[in-house]
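**Student:** Coordinates only, no sequence provided:
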């Protein structure tokens, strides 16, 4: 691979969404060339207004839309969820990925949902995945497809298993402001979570210290009950704390998607990524994370 800076710093994002944009904004300050794909023309316009090039994700127009930018990439981030029949990026680009010698890093964003339900017990990267939902089963199947490609062709794959992602515009603070928040009580049930800025720092650390074939759990230090997070958000916004709703009652009105999140109970060990990359959390718990969002969130001033 050439060592020219413009070759070494070309990021292509399959799925230029919330997390990819946060990474792009951080890397763009360091003179990266960044582009990617979206299935939404509106999102593409929004990305272009921020100075990023994006291409419509379309199987039939692959060559004329994004293929040139993709083929020149040195770094690839994949955040597109797998489809029913598999991972669409592998499906479309397996042959290309085998032969792209200019790639130095591939990041695949997966989910801690692949661990399934452990009854609240701690899981590490060495734990055997046992997904329960169809969505998480598809994620594990996609992980296997990317891993097989790595083993067969030495592609520089890095898998990041993420829990619930929150950040500006996507947090308990927004739910409280919108008055859509609830406090559900399910005994001994906790969720791990991660602030988007800490995902970005983990990805950046991995880019700086590639370790192909590795899997990282990326989460904060305190698994917590959702009721506690909501109560803290209410406190920050000086809003009334809603009463607790018993789990038996709450699940009667939940969507199947919401139920799938609540059916699994596990806590995530983030020791390995700290040791391997020297990764340090900016927001070690939801408290620091929500306070940080509030400090920079102009809309909070208009809350009533």
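**Tutor:** Arrived safely, thanks for sending. Everything quoted here is computed from the prediction, not taken from an experiment. Residues are numbered from 1 along each chain as shown.

**Student:** just the helices in the stretch 51-200 of the chain please.
**Tutor:** Assigned by DSSP state H, counting those that start in this stretch, the stretch 51-200 of the chain shows helices spanning 62-65, 67-71, 88-99, 134-153, 172-177, 196-208.

**Student:** Next, format those helices as JSON lines and append mean pLDDT and distance to residue 22.
**Tutor:** (C-beta placed from N, C-alpha, C; glycine too.) As requested, the helices of the stretch 51-200 of the chain are exported to JSON lines (pLDDT from 0 to 100; distance: least, C-beta to C-beta, whole Å):
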{"stretch": "helix 62-65", "mean pLDDT": "60", "distance to residue 22": "24"}
{"stretch": "helix 67-71", "mean pLDDT": "88", "distance to residue 22": "20"}
{"stretch": "helix 88-99", "mean pLDDT": "92", "distance to residue 22": "20"}
{"stretch": "helix 134-153", "mean pLDDT": "96", "distance to residue 22": "21"}
{"stretch": "helix 172-177", "mean pLDDT": "96", "distance to residue 22": "16"}
{"stretch": "helix 196-208", "mean pLDDT": "98", "distance to residue 22": "5"}
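
**Student:** Which among these is found nearest to residue 252?
**Tutor:** helix 172-177 (20.0 Å; C-beta to C-beta).

**Student:** Not counting its own residues, what contacts that closest one?
**Tutor:** Contact with helix 172-177 is made by 166, 181, 229-230, 232-234, 236-237, 239, 286, 290, 293-294, 297, 299-300, 303, as judged by C-beta atoms under 8 Å, 6 or more residues apart in numbering.

**Student:** among those residues, which ones are buried?
**Tutor:** For those, a burial check counting by 16 or more other C-beta atoms under 10 Å picks out 166, 181, 229-230, 232-234, 236-237, 239, 286, 290, 293-294, 297.

**Student:** In helices only, show me those residues.
**Tutor:** 229-230, 232-234, 236, 286, 290, 293-294 (DSSP state H).

**Student:** Excluding chain neighbours, what is closest to residue 85?
**Tutor:** Leaving aside its chain neighbours, residue 85 sits nearest to residue 91 (7.9 Å; criterion: C-beta to C-beta, 6 or more residues apart in numbering).
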